[in-house]
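Engineer: no sequence for this one, just the structure:
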């Protein structure tokens, strides 16, 4: 029977303490010596647990000041999981919503046509909208889908594009190739749409090309997130 390393046990213990309210958001943790004694582990084990927790955004460490429980953003998402924004918001126990939606049929730009592997005369529908969680704007997204994939006189009025494609068109999104790029929030007026404090703030741009189960590129999206409201993480395992 395999046993979990001590640092993994410490990681789980600290997360449990946060979940139960024993540790609060923004709270400063005791010194390393005190914390290690409290959890009955070595300082080396505690440091490794802290390293993992910091990578996951659970704690913040400041040199010469101390270690603090991070103030959680509205939404957390693992990068290894492909899930619609609607489902992700619901998974967090919040109500998903959409506002400021704009749908237009247009000729794609050269880059869009190349990414979606379109022929010269093929058009795309461009869907722009702000997604909300419990009424709070958390994401500005731009989706581009070839005209050939949707119904005639397409009007997108759903919450989830994934669900629309699957239920209405029989297209199942199987995987996506993604890039995360930090950008200035002034791009596309993201700071206004997401109610960020300043246009000089940094937003996270998640660009994704979504494929169906036959490896066809179905739609291309540019999603802008405020780091104050959304955090991505990835679980990495040693091999």
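Structural biologist: Good, I have the coordinates. Given the structure is predicted, the values throughout are model-derived calculations rather than measurements.
Engineer: any low-confidence regions in this protein?
Structural biologist: Along the chain, the parts satisfying pLDDT under 70 run over 1-3, 72-74.
Engineer: which stretches of the protein form helices?
Structural biologist: 6-19, 32-39, 43-55, 85-91, 110-115, 161-169, 190-193 (DSSP state H).
Engineer: residue 141 and residue 219 touch, don't they?
Structural biologist: No: using C-beta atoms under 8 Å, residue 141 makes no contact with residue 219, being 10.9 Å away. The way it works is simple: take the backbone N, C-alpha and C, and place the C-beta from them, glycine included.
Engineer: neighbour count winner among these two?
Structural biologist: In this view residue 141 and residue 219 are compared by other C-beta atoms under 10 Å, and residue 219 has more residues nearby, 25 against 19.
Engineer: distance check, the more buried one against residue 143.
Structural biologist: 6 Å (C-beta to C-beta, to the nearest Å).
Engineer: can you pull the residues that touch both of these two?
Structural biologist: Each of residue 161 lies in contact with both residue 219 and residue 143 under the rule C-beta atoms under 8 Å, 6 or more residues apart in numbering.
Engineer: surely residue 92 is in contact with residue 134?
Structural biologist: No: the criterion here is C-beta under 8 Å, and residue 92 misses it with residue 134 at 9.3 Å.
Engineer: count the neighbours of residue 87 for me.
Structural biologist: Residue 87 has 14 neighbours, counted by other C-beta under 10 Å.
Engineer: can you pull the contacts of it?
Structural biologist: Contacts of residue 87 (C-beta under 8 Å, 6+ apart): 160, 162.
Engineer: swap in residue 200?
Structural biologist: 184, 185, 186.
Engineer: for the second one, list the residues it contacts.
Structural biologist: Residue 185 makes contacts with 191, 194, 196, 198, 199, 200, 201, 202, 203, 224, 226, as judged by C-beta under 8 Å, 6+ apart.
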